[in-house]
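S.K.: Give me the fold of what follows.
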Amino acid sequence: MIVVADASPLRYLILIDYAHVLTALYGRVVVPPAVVAELNQQRTPDVVRSWLAGAPEWLHVQAPIQGREDLRRGLGAGEREAIALAAELSADALLVDDRDARREADKLGIPVLGTLRVLATRRSTVSAISRSHSTGCGRGISAPVNTSFNVCSTALRKPAKG
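M.R.: Model (predicted):
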């Protein structure tokens, strides 16, 4: 399976200590250089830059052979490269949260996944979300955890090994 990722989903998954679900679900994840540059910006949280500095073997950096001039101009460099790379590789999915980028990928027939879909796909995460309804976060999404992506803190707990 080929999955190409944009910066935002990676950033959120790293911040909530859930990047490991990517390899569990998809094996390897491909990112273009512009995504790496975005994740290495000065304003990026230190935990994200540290994670990237010691990036796991399943994260592969690959540049698209050529850019896509037909993409909406308002997209960021990472989104543009991620869409171009996903198209070139005939990726099984593009991991992206930005609405405009999702629309552009959809126009090209590239299947898109967002951060919440990745979390919900992982069975143990679905169980954690279900358990959150009976443990205090039951009225929807609340308690942001060190990110602008709002998720109930109970849903973010790593499942017990076993």
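S.K.: List the buried residues for stretch 86-106?
M.R.: Residues 86-87, 89, 91, 93-98, 101-102, 104-105 are the ones in stretch 86-106 that count as buried (16 or more other Cβ atoms under 10 Å). Any C-beta I mention is one placed from the backbone N, CA and C, and that applies to glycine too.
S.K.: chain center to it, what's the gap?
M.R.: Put simply, stretch 86-106 sits 12 Å off its chain's centre (Cα atoms, centre = their mean, to the nearest Å).
S.K.: one step back: of the buried residues of stretch 86-106, closest to Val61?
M.R.: Leu89 (13.1 Å; Cβ to Cβ).
S.K.: What segments of this protein are helices?
M.R.: Secondary structure of the chain, counting by DSSP state H: helices at 7-15, 20-26, 33-39, 46-53, 77-88, 99-107, 115-121, 123-132.
S.K.: Dump the ones you listed to a markdown table, plus distance to His60 and mean pLDDT.
M.R.: Putting the helices of the chain into a markdown table (distance: least, Cβ to Cβ, whole Å; pLDDT from 0 to 100) gives the following:
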| stretch | distance to His60 | mean pLDDT |
| --- | --- | --- |
| helix 7-15 | 13 | 94 |
| helix 20-26 | 11 | 89 |
| helix 33-39 | 11 | 94 |
| helix 46-53 | 13 | 94 |
| helix 77-88 | 11 | 90 |
| helix 99-107 | 19 | 88 |
| helix 115-121 | 18 | 84 |
| helix 123-132 | 24 | 45 |
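S.K.: Minimum distance to Ile65: which of those has it?
M.R.: Across the helices of the chain, the minimum distance to Ile65, taken as Cβ to Cβ, is reached by helix 77-88, at 5.9 Å.
S.K.: now for that closest one, which elements pack on it?
M.R.: Counting contacts by 3 or more Cβ pairs under 8 Å, 6 or more residues apart in numbering; DSSP states H and E, helix 77-88 is packed against strand 3-5, helix 33-39, strand 93-95, helix 99-107.
S.K.: per-domain residue ranges of the chain.
M.R.: Taking automatic domain parsing as the criterion, the chain consists of the domains 3-118, 123-156.
S.K.: which of the ones you listed is buried the deepest?
M.R.: domain 3-118 (a mean of 18; mean count of other Cβ atoms under 10 Å).
S.K.: show me what contacts the nearest residue to Ala19 once chain neighbours are set aside?
M.R.: For Ala19, ignoring the flanking residues on the chain, the nearest one in space by Cβ to Cβ, 6 or more residues apart in numbering is Leu13 at 4.5 Å. Leu13 sits next to Ala19, Val21, Leu22, Thr115, Val118 when contact means Cβ atoms under 8 Å, 6 or more residues apart in numbering.
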